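Please find the sequence and the predicted model below.
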Amino acid sequence: MVPKIKTSTVSLYRTLKTLKQRATKILSFVNTVKGDEEDDVLLLEIRKEGLNELRESYFEMQGKLFGLVKEDEVAAIETAGEEFQDLLKEIMFEIKRNINSLSNQSEPKSTLDTSNAQITPCHGSQIKLPDIQLPGFSGQYEEWLHFRDQFNNLIRRNESLNEQQRLHYLRSCLFGEAALIETPEESFSSLWRALESRYENRLWLVDRHLAEIFLL
């Protein structure tokens, strides 16, 4: 009879699998960049900046898993971690190679000319938009309303951005629990719906609002 695995252990294994799937998707995206879009270099930079958080999340989960599994399972987990590290190195290599290649193809082109000011995405890259820092979202319910409203105003409702650009800006703003959310398709609309479905907790928001009123 196969021994039962603790629920927390199963959850950690699934999280590690999800993080590896995300890294694999990033590599697939990097390998499809052909330089057809004006801001391909910017999109690659955004992906590169997200790798450190992906690495930190993976090894944080791995560390927790070490404390729950049997001794004979540790080697397999360590091997999986080494493979993940190799995958991240491959992604970084391909990103740098593509950026160098695209930069050498032509002079830098103007990006999104939607205004004369600048916007700084969550992790540092810059495009031309209002001079405001994009908000980050970690998956805490109390952060959702502020993040949703700011992102709607700056990115989602910006008609100068296409779906792929919106997706990359959204991905750059998610970290922690929120960064682990996956959808069947790699699109902005799909990911945004998933976030709304999870965090548009009306009952929680009403309770929060009432609590703030009574504390006044």
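Okay, I see it.

chain center to the host helix or strand of residue 48: distance?
Using DSSP states H and E, residue 48 sits within helix 40-66. On the basis of C-alpha atoms, centre = their mean, to the nearest Å, helix 40-66 sits 8 Å off its chain's mean C-alpha point.

Average pLDDT for that helix, rounded please.
What helix 40-66 shows for mean pLDDT is 83.

how about the nearest residue to the most centrally placed residue in the chain, chain neighbours excluded?
The centroid of the chain falls nearest to residue 171 when counting by C-alpha atoms, centre = their mean (3.6 Å). Closest residue in space to residue 171, ignoring its immediate chain neighbours: residue 50 at 6.5 Å, by C-beta to C-beta, 6 or more residues apart in numbering. (Glycine included, C-beta is placed from N, CA and C.)

chain center to stretch 186-206: distance?
With C-alpha atoms, centre = their mean, you get 15 Å for stretch 186-206.

residues of the lengthiest helix in the chain that come out buried?
In the chain, assigned by DSSP state H, the helix with the most residues is helix 71-105. For helix 71-105, a neighbour-count test (16 or more other C-beta atoms under 10 Å) marks 77, 80-81, 84, 87-88, 91, 94-95, 98-99, 102 as buried.

tell me which element the nearest residue to residue 58 once chain neighbours are set aside falls in.
Sequence neighbours aside, residue 19 is the residue nearest to residue 58 in space, at 4.7 Å (criterion: C-beta to C-beta, 6+ apart). If you go by DSSP H and E, residue 19 is part of helix 7-32.

So which elements touch that helix?
helix 40-66, helix 71-105 (3 or more C-beta pairs under 8 Å, 6 or more residues apart in numbering; DSSP states H and E).
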